[in-house]
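Asker: Can you look at this prediction? I've put the sequence above it.
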Amino acid sequence: MVRTKNEQKVEFKCIRNGNGEAELRLILNGADEMYGKGRLFNHMILAPGRSVGDHTHTGDNEIYYFLKGSGLYNDNGKSVRVFPGDTTVCNDGECHGLVNDGDEPLEFIALILF
């Protein structure tokens, strides 16, 4: 299967009560396409000032891989600056969030696995 960029579903959502909406480009369309191994595989874009609200994972984990821009990542209450090429992992029972405090879009891949 090949899904071109033009065939990818695009959504705009406020994520976990964050500030403003994020642009979500669905790389895979949910759990069915992930064969029960996860529920989200997206290319996400946060405009300056936008955020993913702090939240705790239960029964899954989430990985971010950063492509462009920079931001502040909440790693269980500790703020860590992230840059292109960085990877974050929020395991089951842990808390995370993300703020684009820069002046350019913050782009990253988000993957949630069970």
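Answerer: Good, I have the coordinates.

Asker: Mind listing residues that contact stretch 67-80?
Answerer: With contacts defined as Cβ atoms under 8 Å, 6 or more residues apart in numbering, stretch 67-80 is touched by 43, 46, 54, 64, 81-84, 88, 90, 94-102, 104-109. Quick note: C-beta positions are derived from backbone N, CA and C, even for glycine.

Asker: Buried ones in it, by neighbour count?
Answerer: Neighbour counts using 16 or more other Cβ atoms under 10 Å place 67, 69, 70, 71, 72, 73, 74, 75 of stretch 67-80 among the buried residues.

Asker: Among the contacts of stretch 67-80, the buried ones, what's the ChimeraX command?
Answerer: Here is the ChimeraX command that selects only those of the contacts of stretch 67-80 that count as buried (16+ other Cβ under 10 Å):
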select :43,46,54,64,82,88,90,96,97,98,99,100,101,102,106,107,108,109
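
Asker: from the contacts of stretch 67-80, which ones fall inside strands?
Answerer: 43, 46, 54, 64, 81-82, 88, 90, 95-99, 106-109 (DSSP state E).
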